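J.: model this:
(chains A and B)
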2 protein chains.
Amino acid sequence: MPAAAEASPATPFGDRLAAAVAARESQIVLGLDPDPSKLWPDAAGASAELVAALAGAERAAGLGAGDGARGPRLEAAAAVLGHCLALIDAAGPACVAAKPQLACFERLGFPGWLALEAAVARAHENGLLVIADGKRGDVPTSARAYAQGLLDGVGTPYGASGGLHADAVTLNPLLGGDALAPFEGAAGRAGAGLFVLVRTSNPGAADLLDAELAGGGPLWERIAGLVAGAGTPGPRSGLTEVGAVCGATVPQHLARMRELMPCAPFLLPGVGAQGGAVGDLAPAFGPGRAAGLVTASRSISDAHAQAGGTPAHAARAEAERLRAAAWALA
Amino acid sequence: MPAAAEASPATPFGDRLAAAVAARESQIVLGLDPDPSKLWPDAAGASAELVAALAGAERAAGLGAGDGARGPRLEAAAAVLGHCLALIDAAGPACVAAKPQLACFERLGFPGWLALEAAVARAHENGLLVIADGKRGDVPTSARAYAQGLLDGVGTPYGASGGLHADAVTLNPLLGGDALAPFEGAAGRAGAGLFVLVRTSNPGAADLLDAELAGGGPLWERIAGLVAGAGTPGPRSGLTEVGAVCGATVPQHLARMRELMPCAPFLLPGVGAQGGAVGDLAPAFGPGRAAGLVTASRSISDAHAQAGGTPAHAARAEAERLRAAAWALA
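T.: Residues are numbered from 1 along each chain as shown, chains lettered A, B, ... in the order given. Model prediction:
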């Protein structure tokens, strides 16, 4: 694998993304934020075989005895996996990518991480890109370890250990450029993308991201400068492998963000449950349709609560509705 | 458990920390940053039983077939666990806490997460507090999920799923106060602590954390203000449950940090391999010995490379040396 990778460098992420958006005629990213108490009823029957195997692994690691809280998480993780597979199969055809929120898997411990890996594999089988949404950020040594885990894997005395094989990750830039650099190296090798938090969609983002700097402009504009300076435009698409997370609930910033980061793909969370609307996102799509990815999670997975019908049917219909609304903007 | 927790509120983290430091006569935090290529040779024999059980779980989740990179990570994770257990047993008696770097476990996927859980359990058995070093930070909904996973667990239709049961976590504050709030709630319920990144030890921290604000002072001082405003001093110790991560390679900032955050425990990474020295840290200990925790990872686990002898013996000796040096400062 390393030899082959050296012989034929990976296609840059911007070009991969543009090709995928064109092929699937979709800019919609299916968020996977599984809540154990809101799983699709038909999909959430926990696999007894998986639960038993997880319990075996726990025992082999010396865990499990005498902790009553360990059993339920095995069943919950198996049910989460069933839910995610059904959701990917149902809504995936209307989407270009899946975006697992790592927190929602991590909260179930190692069984949740196994469910994450299996959901990522299913998304790839269905032709979706995978954006691992973990907002990781740490000093360079630790950032390298995160990049290995999510993107390009790590060498071990037992052979190469593959990572999650995500096509892109979300990153927190607070620790500065040298903390992003290990991800840039891994992204280049793997043809992967990086979506750096620039301005998030939560009200508290005003506390620091909107802080006015002595040189003028808010902190998020300085982060936008880091993003704009980091990537290399793909030769076919003109889009860089370093993108930005721009909350869809602050559309008043999008035009300025596009000005500061003319070649960066934008990941736009906050549509639907968080209050953003697709129609407000037009400035993101200036450089082309693949320059703006619209993520939706609960508005798709919980669509049946509003629309009725089966969860799978309602999810597909809502994803198709979002696809058409976004596609019409560009 | 919930009923009992309501009946007797958890002891606040600041008081737990102060009691632990006094009882163990140590302010040293044993960093667990396992590198699969630098494991202690005698400890790293992978458990065949654990490897087989992990492979079974992988198969039951529909993974594993046809991916040559999956096998090595099972062996590597089992070896990482053996290494961590030996390191905890060897150096733990000189320490007050263990600090697993989540990136180093996460890079091995779900087998790495199982190793993390088993290492945390061993640290607790040995009387150590556990600081889960993941620098997590996300919008409130996702921050809640991270807090559930690391601290207080989550309710599921199958029963309550326990989290990692860490005693404290490290957090990234970029997304602002409302993104820290879910962790504060969980910390209060669990008697856990939060160490918020204020000024890290990497050179790139100057990019954003040192950015001068229009109102005066660098960004990290505003973050220090968030920390100082968030916690409640424990009635016995006077230390809050919301602490700060302050890189030991920037000791010139410590006095100012202590001024801005008079009641916050400081987590001080960067001693040893990253170039910091214990003797420079005195300002951290102003409010008392438990107000400054000195973390060391590679300088302990790799001590035999300098000092000779068995890895276990050299690690214990280096941890004891650090303990004595820090204890002498206060």
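J.: Dig out what A:Leu30 forms beta bridges with.
T.: Note on A:Leu30: beta-bridge partners by DSSP bridges are A:Ala98, A:Ala296.
J.: now check the longest helix along chain A, is it near chain B?
T.: Within chain A, and with DSSP state H defining each element, the longest helix by residue count is helix A:70-91. Yes: counting by Cβ under 8 Å from any Cβ of the partner chain, chain B has neighbours in helix A:70-91: A:Arg70, A:Gly71, A:Pro72, A:Arg73, A:Glu75, A:Ala76, A:Ala79, A:Leu81. C-betas here are computed from N, CA, C, even on glycine.
J.: residues in contact with the third one?
T.: Contacts for A:Pro72 (Cβ atoms under 8 Å, 6 or more residues apart in numbering or on different chains) come out as B:Thr156, B:Tyr158, B:Gly159, B:Ala160, B:Ser161.
J.: Quick check: the two most widely separated of the residues you listed?
T.: For the contacts of A:Pro72, the maximum inter-member distance is 8.9 Å, found between B:Tyr158 and B:Ala160 (Cβ to Cβ).
J.: hmm, back to that, would you list the buried entries among the contacts of A:Pro72?
T.: The neighbour-count criterion (16 or more other Cβ atoms under 10 Å in any protein chain shown) marks B:Thr156, B:Tyr158, B:Ala160, B:Ser161 among the contacts of A:Pro72 as buried.
J.: which non-adjacent residue is nearest the last one?
T.: Looking back up the chat, that one is B:Ser161. Counting by Cβ to Cβ, 6 or more residues apart in numbering or on different chains, A:Arg73 is the residue found nearest to B:Ser161 once chain neighbours are left out, at 3.6 Å.
J.: Surely A:Ala166 touches A:Ala119?
T.: No: proximity of A:Ala166 to A:Ala119 does not meet the contact threshold set by Cβ atoms under 8 Å, at 11.5 Å.
J.: The residue nearest to B:Ser161: neighbouring residues, count only.
T.: Look at A:Arg73: counted by other Cβ atoms under 10 Å in any protein chain shown, it has 29 neighbours.
J.: you'd agree it is up against A:Pro111?
T.: Yes: counting by Cβ under 8 Å, A:Pro111 is a contact partner of A:Arg73 at 5.8 Å.
J.: Can you pull out the low-pLDDT segments for the stretch 151-300 of chain A?
T.: Scanning the stretch 151-300 of chain A with the threshold set as pLDDT under 70 gives A:248-249, A:272-276.
J.: Where do the strands of it begin and end?
T.: In order along the chain, the stretch 151-300 of chain A carries the following strands (DSSP state E, counting those that start in this stretch): A:154-156, A:159-161, A:168-171, A:193-199, A:242-246, A:266-268, A:292-296.
J.: Could you export these as JSON lines, including distance to A:Ala312?
T.: Shown next, in JSON lines, are the strands of the stretch 151-300 of chain A (distance: least, Cβ to Cβ, whole Å):
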{"stretch": "strand A:154-156", "distance to A:Ala312": "37"}
{"stretch": "strand A:159-161", "distance to A:Ala312": "35"}
{"stretch": "strand A:168-171", "distance to A:Ala312": "26"}
{"stretch": "strand A:193-199", "distance to A:Ala312": "28"}
{"stretch": "strand A:242-246", "distance to A:Ala312": "29"}
{"stretch": "strand A:266-268", "distance to A:Ala312": "25"}
{"stretch": "strand A:292-296", "distance to A:Ala312": "16"}
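J.: Quick one: closest of those to A:Gln252.
T.: For A:Gln252, the closest of the strands of the stretch 151-300 of chain A is strand A:193-199, at 10.4 Å, according to Cβ to Cβ.
J.: Please, where are all the helices along chain A?
T.: Going by DSSP H, chain A shows helices at A:2-7, A:13-24, A:48-60, A:70-91, A:102-106, A:109-125, A:140-147, A:177-190, A:219-230, A:254-260, A:298-301, A:303-307, A:311-327.
J.: Now that A:Ser117 has come up, it's in contact with B:Gly62, right?
T.: You called it Ser, but residue A:117 is Glu. No: using Cβ under 8 Å, A:Glu117 is not in contact with B:Gly62, being 9.7 Å away.
J.: Counting neighbours, go ahead and name the busier of those two.
T.: Shown here are A:Glu117 and B:Gly62; by other Cβ under 10 Å, A:Glu117 has more neighbours (23 against 16).
J.: For the more buried one, list the residues it contacts.
T.: Residues in contact with A:Glu117 (Cβ under 8 Å, 6+ apart) are A:Leu164, B:Ala61, B:Leu63, B:Gly109, B:Phe110.
J.: out of these, which one sits closest to A:Gly279?
T.: Sorting the contacts of A:Glu117 by how near they are to A:Gly279, with Cβ to Cβ, puts A:Leu164 at the top with 33.7 Å.
J.: Skip the chain neighbours and tell me the closest residue to the closest one.
T.: Of all residues beyond its chain neighbours, the one nearest A:Leu164 is A:Leu150 (5.0 Å), with distances taken as Cβ to Cβ, 6+ apart.
J.: neighbours of that neighbour, just the number please.
T.: For A:Leu150, the tally of surrounding residues (other Cβ under 10 Å) stands at 29.
J.: check contacts around A:Arg122.
T.: Residues touching A:Arg122, when contacts are defined by Cβ under 8 Å, 6+ apart, comprise A:Cys84, A:Leu85, A:Ile88, A:Asp89, B:Gly62.
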